[in-house]
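J.: quick check, what structure comes out for this input:
(one chain, ligands or ions: 1)
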Amino acid sequence: MPGLKTNVSLAQHTTFRIGGPAKYFFAAKTTSDVIKAIRTAKKLKLPFFVLGQGSNLLVSDKGFNGLVVKIQNSKFKIQNSRLYAEAGISFSVLVYETGKRGLAGLEWAGGLPGTLGGAVRGNAGAFGGETKDAIASVKALDKNCRVINLNRGQCRFSYRSSIFKKRGWIILSVTMALQQGDKKKIQAIAREHMQQRRQRSPLEYPNAGSIFKNCDLRRAPKQTQKIFQEVIKTDPFPVIPAAAIIAAAGLKELRMGQAQISEKHPNFIINLGVVGAKDVTRLISLVKKRVKEKFGITLQEEIQRVGF
Ligand SMILES: Cc1cc2nc3c(=O)[nH]c(=O)nc-3n(C[C@H](O)[C@H](O)[C@H](O)COP(=O)(O)OP(=O)(O)OC[C@H]3O[C@@H](n4cnc5c(N)ncnc54)[C@H](O)[C@@H]3O)c2cc1C
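T.: Numbers count the residues shown, from 1 in each chain. Have a look, this model is predicted:
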């Protein structure tokens, strides 16, 4: 494959700045590049991993012993209120481009890092919105490397999940149905969300966003539900924010080597220097253990682990 690189550090391709090398690394700039790379890996029986902008990943210090395909197809087209975009485009570009045209539907995602494909796979959400809300259809590559088209229902979106995540299918492009709205209002909402993120999140340090999913209220013991009743959020269903649980467990600023629970946003782990993935996994285990002991809650990870 022309453009194939070897022994590429994955730390430089993740927002956490953590991770060893990929044995093979290929930046796929077109949809046909993506398909070719995956089909080649399958043919050679080479393990492969699809990388977006690495904003939701913890890569092991050993790296990935196979082919990493960085999804960089990024064409988009807007016609009337329909958006067609390739999976490798930054979600922030779409928020900007649709806002500029007075199209409503993506403003909740102001400041959301990552690619469109990464957001669709994990049904990324914030400020009451979720990626699934605007999806009309998705073009993907299934396990047999066939190109398939799915409507929104077939994508089986749920909280931070989708059929793509469950089955390991690769998103190639997406069509979204947006609504004509008030341009100034849409842009103001997106800007406001960006500002709130800057205020609430430790963006001054490398991080991977929220480490844990918020806790489904129904899964918490009755006693714990009472303790957190003031902070319950309905986004997208009744949850106890993981940040509130970690803070209440007294774990703010808990540190393992150069990895630390953020004081500003306790569901973030910040990288204080050259941190090894092991420091992060040990910190995650400790947080889970303490939270389980104190509140009877089993925290579930939102980040994706690679190469462990
Ligand atoms: C500061 C910060 C704030 C964040 N805030 C939020 C938030 O508010 N809400 C939220 O939901 N998330 C948030 N995140 C997490 C992250 O931004 C999202 O999950 C994002 O959608 C991931 O996209 P990515 O391109 O970076 O994916 P990556 O991190 O590169 O990959 C994540 C997973 O998606 C898979 N993947 C990537 N592209 C494709 C594709 N085309 N097809 C199939 N699978 C693919 C990868 O294999 C991997 O398993 C935040 C992260 C950071 C660093």
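
J.: domain ranges for this structure?
T.: For the chain, automatic domain parsing gives the domain ranges 5-71, 76-198, 202-306.

J.: could I get those domains in a markdown table, plus columns for mean pLDDT?
T.: Converted to a markdown table, these look like this (pLDDT from 0 to 100):
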| stretch | mean pLDDT |
| --- | --- |
| domain 5-71 | 97 |
| domain 76-198 | 97 |
| domain 202-306 | 96 |
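
J.: who are the contact partners of residue 288?
T.: Going by CB atoms under 8 Å, 6 or more residues apart in numbering, residue 288 touches 298, 299. C-betas here are computed from N, CA, C, even on glycine.

J.: which of the helices or strands spans it?
T.: Residue 288 belongs to helix 277-295 when assigned by DSSP states H and E.

J.: do that helix and the ligand meet?
T.: No: using CB under 6 Å from any ligand atom, helix 277-295 stays clear of the ligand, with a minimum separation of 13.6 Å.

J.: go through that helix and flag the buried ones.
T.: 277, 279, 280, 281, 283, 284, 287, 288, 290, 291, 295 (16 or more other CB atoms under 10 Å).

J.: following the chain past it, name the next helix or strand.
T.: Following helix 277-295 toward the C-terminus (DSSP H and E): strand 304-306.

J.: which neighbouring elements make contact with that next one?
T.: Contacts defined by 3 or more CB pairs under 8 Å, 6 or more residues apart in numbering; DSSP states H and E place strand 304-306 against strand 57-59.

J.: is residue 148 in a helix, a strand, or coil?
T.: Recorded secondary structure, residue 148: strand (DSSP: H, G, I helix; E, B strand; the rest coil).

J.: for the residue in the stretch 151-300 of the chain positioned nearest to the ligand, give me its contacts.
T.: Per CB to the nearest ligand atom, residue 209 is where the stretch 151-300 of the chain lies closest to the ligand, at 2.3 Å. Residues in contact with residue 209 (CB under 8 Å, 6+ apart) are 15, 55, 56, 113, 268, 302, 303.

J.: just these that are near the ligand?
T.: 15, 55, 56, 113.

J.: would you turn those into TSV with neighbour count?
T.: Listed next are those as TSV, based on neighbours: other CB atoms under 10 Å:
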residue	neighbour count
15	18
55	20
56	23
113	22
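
J.: which of these fall in helices?
T.: Among those, no member falls in helices (criterion: DSSP state H).

J.: in stretch 32-49, which residues are buried?
T.: By neighbour count on 16+ other CB under 10 Å, the buried set for stretch 32-49 is 33, 34, 35, 37, 38, 40, 41, 48, 49.

J.: scratch that, stretch 141-155 is what I was asking about
T.: 141, 150, 152, 155.

J.: can you list those residues in JSON lines and add distance to the ligand and secondary structure?
T.: Converted to JSON lines, those look like this (distance: CB to the nearest ligand atom, whole Å; DSSP: H, G, I helix; E, B strand; the rest coil):
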{"residue": "141", "distance to the ligand": "8", "secondary structure": "strand"}
{"residue": "150", "distance to the ligand": "13", "secondary structure": "strand"}
{"residue": "152", "distance to the ligand": "16", "secondary structure": "coil"}
{"residue": "155", "distance to the ligand": "12", "secondary structure": "helix"}
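
J.: biggest separation within the residues you listed, which pair?
T.: The most widely separated members of these, counting by CB to CB, are 141 and 152 (18.5 Å).

J.: what's near enough to touch residue 28?
T.: Listed by CB under 8 Å, 6+ apart, the contact partners of residue 28 are 34, 36, 37, 69, 70, 71, 72, 73, 88.

J.: who does it form a beta bridge with?
T.: Here residue 28 sits in beta bridges with residue 71, going by DSSP bridges.

J.: and it, how far from the ligand?
T.: Remark: distance between residue 28 and the ligand (CB to the nearest ligand atom, to the nearest Å) = 10 Å.

J.: name the nearest residue to residue 216, sequence neighbours excluded.
T.: residue 239 (6.0 Å; CB to CB, 6 or more residues apart in numbering).

J.: and what of residue 295?
T.: Closest to residue 295 by CB to CB, 6+ apart is residue 224, at 4.5 Å.

J.: did I read that right, that neighbour in a helix?
T.: Yes: assessed by three-state DSSP, residue 224 belongs to a helix.

J.: that one and residue 69: what is the separation?
T.: The spacing between residue 224 and residue 69, counted by CB to CB, to the nearest Å, is 42 Å.

J.: comparing these two, which residue is more hemmed in?
T.: For residue 224 versus residue 69, neighbours defined as other CB atoms under 10 Å are more numerous around residue 69 (24 against 20).
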